[in-house]
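Structure, please.
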Amino acid sequence: MLREFPQQNTIVHSVALSPDSRMVAGAGGIATVRLWDVSTGSLLRTLTGHSNSVMAVVSSADGKMVASGGMDNTIRLWNSYTGTLLSVLRGHTGSVNSVAFTSDGRTLASGSTDRTIRLWDAHQATLLHTFMAHSYDVMSVAFTPNSKLLISGSSDKTARVWNPYTGQLLHVLTGSSSTIWSVAFSPDSSLVATGSGDGVVRLWDAYSGALLRTLTGHRNVVTSVLFAPQGRFMASGGLDGAIRLWDISP
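Below is the predicted model of the structure:
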């Protein structure tokens, strides 16, 4: 272990690393987000304003902004260098479980227990689109690195691929027997990974929606999936306490 960033004995729901790897953000069972210096382990600032647990946090690609979503049904945008609250995005009627920026940092997606995905202009703090197709809570959202596609994972056991600019639903990924907790795109935007409550990681073709591979080994819920920058490997973590590294090369 390189370093530990204590969260005052609370559950950590989400972590985010700045693009330059100099800062890590942690969000948990308290209504704050904490920003830490990676090299020294020192607490840089504490972001306060949420009135309930913070469920999700993400850094913009340029590292200038942090977005947090919480059980108070709001999304808050912060200046990551000063800790200043820039804006509060309201509209969800349920807990915000996941947030994701486009690569240029201008657009933010959010997924909620109100079963919707919302797209926001992060600079103007305005709602752009509301996507409604899931029949239960939206647990995770992610953009492709080129920002041309958006995916959402839900407790309705499906993941859905969207055109984020038109709101068109492109594909419904089915096959999980349980909640899809985590979704991710590969660096070249061609693959989708989903981690679900049945302990299975599934790989999909992002443009056709076809199921390509099923990765088994976890003995409990898969809560997180992540592609390596080169795209040959991916990692998954779950409630079985294991992190698994997969070789997904052809």
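
Any idea which helix or strand in this structure has the lowest mean pLDDT?
When the helices and strands of the chain are scored by mean pLDDT, DSSP states H and E, strand 12-17 comes last with a mean of 81.

Run me through the strand neighbours of that strand, direction for each.
Applying DSSP bridges, strand 12-17 is found paired with strand 23-28 (antiparallel).

helix or strand right after the strand it pairs with?
Sequence order places strand 32-37 as the next helix or strand after strand 23-28, per DSSP states H and E.

and the angle from whichever helix or strand comes after that following strand to strand 23-28?
As assigned by DSSP H and E, the chain's next helix or strand after strand 32-37 is strand 43-48. Between strand 43-48 and strand 23-28, the angle comes out at 40 degrees (axes from the mean of the first three to the mean of the last three CA atoms, to 10 degrees).

What angle do strand 32-37 and strand 43-48 make with each other?
160 degrees.

which strands and helices sit next to strand 43-48?
Judged by 3 or more CB pairs under 8 Å, 6 or more residues apart in numbering; DSSP states H and E, strand 43-48 is in contact with strand 32-37. Backbone N, C-alpha and C define where each C-beta goes, glycine included.

what's the spacing between residue 184 and residue 149?
Distance, residue 184 to residue 149, using CB to CB, to the nearest Å: 12 Å.

what's the pLDDT at residue 10?
pLDDT, residue 10: 65.

do residue 6 as well
pLDDT, residue 6: 62.

Could you do residue 29 as well?
At residue 29, pLDDT is 72.

thought it was touching residue 53?
Yes - with contact defined as CB atoms under 8 Å, residue 29 reaches residue 53; the gap is 5.0 Å.

joint contacts of these two?
residue 13 (CB atoms under 8 Å, 6 or more residues apart in numbering).

Show me the beta-bridge partners of residue 65.
residue 79.

residues near it, how many?
Neighbours of residue 65 under the rule other CB atoms under 10 Å: 20.

any idea how far it lies from residue 191?
27 Å.

Which pLDDT value goes with the residue nearest to residue 22 when sequence neighbours are not counted?
Excluding its sequence neighbours, the residue lying closest to residue 22 (CB to CB, 6 or more residues apart in numbering) is residue 38, at 5.5 Å. Here the pLDDT value assigned to residue 38 is 87.

Quick check: residue 38 touching residue 25?
No - Residue 38 lies out of contact with residue 25 (CB under 8 Å); the separation is 10.8 Å.

The two: which is more packed in?
residue 25 (25 against 16).

rewinding a little: common neighbours of residue 38 and residue 25, please.
Residues touching both residue 38 and residue 25 (CB under 8 Å, 6+ apart) are residue 17.

Below-threshold pLDDT in this protein: ranges please.
1-10 (pLDDT under 70).

Mind doing that once more with 50?
By pLDDT under 50, the low-scoring segments of the chain are 1.

mind listing the helices for this structure?
Here the chain has no helices by DSSP state H.

list the contacts for residue 214?
Counting by CB under 8 Å, 6+ apart, residue 214 touches 200-203.

please redo it, this time with the cut-off set to 6 Å
200, 202 (CB atoms under 6 Å, 6 or more residues apart in numbering).

likewise residue 245?
Residues in contact with residue 245 (CB under 6 Å, 6+ apart) are 233, 235.

try 10 Å this time
For residue 245, the contact set (CB atoms under 10 Å, 6 or more residues apart in numbering) comprises 228, 233-236.

distance of it from residue 222?
Taking CB to CB as the measure, residue 245 and residue 222 are separated by 13 Å.

Can you pull the residues that touch both of those two?
Common neighbours of residue 245 and residue 222, using CB under 10 Å, 6+ apart, are residue 236.
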